[in-house]
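**Q** sequence first, predicted model second:
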Amino acid sequence: MGFKEPYQDVLKKKNLKATKHRYTILKALESNKLPVTAEDLYFRLKEKGISISLSTVYRSLETLHEKDIVLKSNLPDYNKAVYEYNNNEHRHHMICIKCHKMQPVTGCPLEEYEKLIESKFKFTVKGHNLEVYGYCNGCGCEE
Ligand SMILES: [Zn+2]
Ligand SMILES: [Zn+2]
């Protein structure tokens, strides 16, 4: 084929076999800017005429998540996880508690805070999580 699949290195580095399904899933996740549930992803792939079963989508997402290639987040009051491609870009999320839409926020307000913690507590910070909950533009601000 000569053409190198873009995710080949990523998968190889994590000792994962580069399967067609994994490529398809990674490609779909990366082109989709928002995190999606396994079902959403499954329907999206089906729409494109890709034959894959829902359990394969689940299994692949879990494997990719275990290897840190895909990020997984659990939404509160919503027993479904959402997945997104991990492009190693540090970011936070805004989560709508009504429609469960999850939008990334670029930029981090916690860098100074991390430095403060390091110097104050002599604690070596390796990362953090911050998710912001509320109502998205489409859902308004009803309480
Ligand atoms: Zn909403
Ligand atoms: Zn941050």
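**A** Good, I have the coordinates. Ligands and ions are numbered 1, 2, ... in the order given.

**Q** need the pLDDT of the residue sitting furthest away from the middle of the chain.
**A** Distance from the C-alpha centroid of the chain peaks at residue 120, with 32.2 Å (Cα atoms, centre = their mean). With respect to pLDDT, residue 120 has a value of 97.

**Q** and the one 3 residues further on, by the same measure?
**A** Residue 123 is assigned a pLDDT of 96 by the prediction.

**Q** and the residue farthest from the centre of the chain, which of the three is it?
**A** helix (DSSP: H, G, I helix; E, B strand; the rest coil).

**Q** quickly find the element holding the residue minimising distance to the centre of the chain.
**A** Centroid-nearest residue in the chain: residue 84, 2.2 Å away (criterion: Cα atoms, centre = their mean). For residue 84, the enclosing helix or strand under DSSP states H and E is strand 81-85.

**Q** which helices and strands sit right next to whatever helix or strand comes next after that strand?
**A** The helix or strand immediately downstream of strand 81-85 is strand 91-96, counting by DSSP H and E. Here strand 91-96 touches strand 102-106, strand 131-134, going by 3 or more Cβ pairs under 8 Å, 6 or more residues apart in numbering; DSSP states H and E. Every residue, glycine included, has its C-beta placed from N, CA and C.

**Q** buried ones in the first one, by neighbour count?
**A** Just to be clear, that refers to strand 102-106. residue 102 (16 or more other Cβ atoms under 10 Å).

**Q** direction included, what does that strand pair up with?
**A** strand 91-96 (antiparallel) (DSSP bridges).

**Q** is the partner strand in proximity to ligand 2?
**A** No. Using Cβ under 5 Å from the ion, strand 91-96 stays clear of ligand 2, coming no nearer than 5.5 Å.

**Q** and that strand, how far out from the chain middle?
**A** Averaging C-alpha positions (Cα atoms, centre = their mean, to the nearest Å) puts strand 91-96 11 Å from its chain's average.
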